[in-house]
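Engineer: Okay, here's the prediction I keep looking at, along with the sequence it came from:
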Amino acid sequence: MTLSSTADLLTAARTARRAVAAFNVITLEHAEGIVAGAEQAGTPVILQISENAVTFHEGRVLPIALASRAVAEAAGVPVSLHLDHVESEALLHRAADAGFSSVMFDASHAPYAENVDRTRSAAEWAHRNGLLIEAELGQVGGKDGVHLGAHEPGARTDPGEAAAYVAATGVDALAVAVGSSHAMTERTAGLDFDLIARLRDAVPVPLVLHGSSGVPDDTLAKGVREGIVKVNIGTALNIAYTGAVREFLAADGKAVDPRKYLKPARLALAETAAQLLAVVS
Ligand code: G3H
Ligand code: ZN
């Protein structure tokens, strides 16, 4: 199937009052497992590669992006490519060449005025190059080990400020802080449903939930019903993937061929992706 665009996937999901899951790709097996999970669930999916993943690949975006693209093009369901949590303008400017149809530019850690300025410039560049751009207002904690308390400034996105931010920057999708936190390994996060509904009514663009691994299924499903359109998930897949590797190597301490343990890892990841897709899609 030809590569889909994130814009088309988000528009279709929003119209159907459902969401599209965007899963983090770190290795080729992630991309293969995510697409296998989406095929199992029979739903579209977004493959997203973060700036941190690019750093892991020694700063080279093309090898993992082009491999993911090839996996997407061989898929039996619609798949798009998204460049996630980009903090560097240099990486942003590589996005179009690498086959991404969307990018999340993340200046959420900066003071409001700087966030607006840098994001507006990023949006102008993205639109000149035909990309959808997502940005974040309020801080979804947990990224790179930085955690916010529930009542710290930035731990919740204000609807009025969100509307002004979207108007000032021209972004096409907005990541909001509504209770989730990155890198949770237990599914104990609650979402502020009332705030999601107020943000949905205040903001003209699709809302994005980051840090969705820590959100239980029923809470995730209600968050989607209240207006979340893109659901970002990374850690949940890595729990499945690493758990399967650990289990295999614990049972066979002499294994040396990576295919032996990466195959069950990819299968476990696919199963988790399929289950989460069934919740949000
Ligand atoms: O942008 C990516 C996500 O927000 C993933 O967060 O690893 O906590 O699921 P997570
Ligand atoms: Zn995120």
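Structural biologist: Arrived safely. Residues are numbered from 1 along each chain as shown. Ligands and ions are numbered 1, 2, ... in the order given.

Engineer: For the rest of this, base every contact and every neighbour count on C-alpha atoms.
Structural biologist: OK.

Engineer: ok, the one helix or strand residue 49 maps to near ligand 1 or not?
Structural biologist: When elements are assigned from DSSP states H and E, residue 49 belongs to strand 45-50. No. Under the criterion of C-alpha under 6 Å from any ligand atom, ligand 1 is not reached by strand 45-50; the shortest gap measures 7.2 Å.

Engineer: moving C-terminal of that strand, what's the next helix or strand?
Structural biologist: helix 51-56.

Engineer: for that following helix, packing partners?
Structural biologist: With contacts taken as 3 or more C-alpha pairs under 8 Å, 6 or more residues apart in numbering; DSSP states H and E, helix 51-56 sits against strand 79-86.

Engineer: residues touching residue 20, list them.
Structural biologist: 9, 10, 13, 44, 45, 46, 229, 230, 231, 277, 280, 281 (C-alpha atoms under 8 Å, 6 or more residues apart in numbering).

Engineer: Turn those into a markdown table, including neighbour count and pLDDT.
Structural biologist: Listed next are those as a markdown table, based on neighbours: other C-alpha atoms under 10 Å; pLDDT from 0 to 100:
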| residue | neighbour count | pLDDT |
| --- | --- | --- |
| 9 | 21 | 98 |
| 10 | 22 | 98 |
| 13 | 20 | 98 |
| 44 | 24 | 98 |
| 45 | 29 | 98 |
| 46 | 30 | 98 |
| 229 | 32 | 98 |
| 230 | 29 | 98 |
| 231 | 26 | 98 |
| 277 | 24 | 98 |
| 280 | 24 | 98 |
| 281 | 22 | 96 |
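
Engineer: Including secondary structure, could those residues go into CSV?
Structural biologist: Formatted as CSV, these follow (DSSP: H, G, I helix; E, B strand; the rest coil):
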residue, secondary structure
9, helix
10, helix
13, helix
44, coil
45, strand
46, strand
229, strand
230, strand
231, strand
277, helix
280, helix
281, coil
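
Engineer: Can you tell me which of those residues is nearest ligand 1?
Structural biologist: residue 231 (7.9 Å; C-alpha to the nearest ligand atom).

Engineer: Find out how far the helix or strand encompassing residue 237 is from the centre of the chain, if you would.
Structural biologist: Using DSSP H and E, residue 237 sits in helix 235-251. With C-alpha atoms, centre = their mean, to the nearest Å as the basis, helix 235-251 stands 21 Å off its chain's centre.

Engineer: list the helices and strands that helix packs on?
Structural biologist: helix 258-280.

Engineer: Just confirm yes or no for the helix it packs on near ligand 1.
Structural biologist: No. Judged by C-alpha under 6 Å from any ligand atom, helix 258-280 and ligand 1 are separated, with a smallest distance of 11.1 Å.

Engineer: Show me what counts as buried in the helix holding residue 237.
Structural biologist: The neighbour-count check on helix 235-251 (16 or more other C-alpha atoms under 10 Å) flags 235, 236, 237, 238, 239, 240, 241, 242, 244, 245, 248 as buried.

Engineer: from those residues, which is closest to ligand 1?
Structural biologist: Among the buried residues of helix 235-251, and counting by C-alpha to the nearest ligand atom, the member closest to ligand 1 is residue 235, at 3.7 Å.
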